[in-house]
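got a structure for you, letters missing:
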C-alpha cells in the first residue's frame, strides 16, 4: 500500500469514502460508483494539451462540484482520472515537477481555495513527483468566458509571471481544470519557457468547445 493509499484508508476510518459523483459510500481505494465514473475521451493531445474528458455530463458536474461547492471527493476523483490519463501518456517519466494554473485573488476570496492547486497536489501524491507553485496571476481585464479565441489570447498577455524559484532546465507538468481554446495554458507555458523551463507538458481535466 502506497503512502497515499494509506492516507486515504486512515481518513476513511473517520470519514467514510464517498463516490465523487453521487455521494454514496464506497471502498477507501475507489473514487466512483460503477455507474458514476465519467466517460474519458479517446486519448488525444489537442493543441499540445493532454485532455481527459469532454466538459459535459458527469465530468461537467464533477468539476462544478469541485470548483464551486468545495467537494473534496470531486477534487480527488477528477485528479485521479487526469493522473490515469497522464500515466497512459507516460508523462511522469519525462518531468521533474508539477505546477498548476493559479486562481486569481478574487476567485480565492470567493471560494477559499484554488482547485487546480488541490488537483495538482493529489496528482503529485499519486505520482511521487513534487508540486510547486511556479506562476503568479493578476486579474484579467475581461472575463475569458465573454471572449472569442483571438480575444482570449490578447486578454491573457501579461497576466502570468514567474515566482522567484529557480526552475531553469527543469521539465514541468502544468495542470488546469477546464480548457476551451487552450489560451490560458499556452500563455502560462510561454512564461515558464521564458523563465528557463526546459520542457512543459500541458494537461487539463476537461475540454470544452467555445461557442460562436
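Received it, and whenever you're ready, just let me know what you need. As the structure is a prediction and not an experimental result, all values here were calculated from the model. Numbers count the residues shown, from 1 in each chain.

so where do the strands sit in this structure?
For the chain, the strands defined by DSSP state E cover 45-46, 49-54, 97-100, 135-137, 160-162, 171-179, 199-207.

Centre of the chain to the lengthiest helix in the chain, how far?
Ranked by number of residues, the top helix in the chain under DSSP state H is helix 72-88. With C-alpha atoms, centre = their mean, to the nearest Å as the basis, helix 72-88 stands 9 Å off its chain's centre.

Specify the angle between it and strand 199-207 in degrees.
130 degrees (axes from the mean of the first three to the mean of the last three C-alpha atoms, to 10 degrees).

buried ones in helix 72-88?
72-83, 85-86 (16 or more other C-beta atoms under 10 Å). Every C-beta, even on glycine, is put in place using the N, C-alpha and C of the backbone.

Report the contact partners of the residue nearest to residue 101 when sequence neighbours are not counted.
Closest residue in space to residue 101, ignoring its immediate chain neighbours: residue 176 at 4.5 Å, by C-beta to C-beta, 6 or more residues apart in numbering. For residue 176, the contact set (C-beta atoms under 8 Å, 6 or more residues apart in numbering) comprises 100-101, 116, 184-185, 202-205.

Would you convert the residues you listed into CSV that also reports pLDDT and neighbour count?
Putting these into CSV (pLDDT from 0 to 100; neighbours: other C-beta atoms under 10 Å) gives the following:
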residue, pLDDT, neighbour count
100, 98, 27
101, 96, 24
116, 97, 23
184, 91, 25
185, 95, 21
202, 97, 24
203, 97, 26
204, 96, 27
205, 96, 27
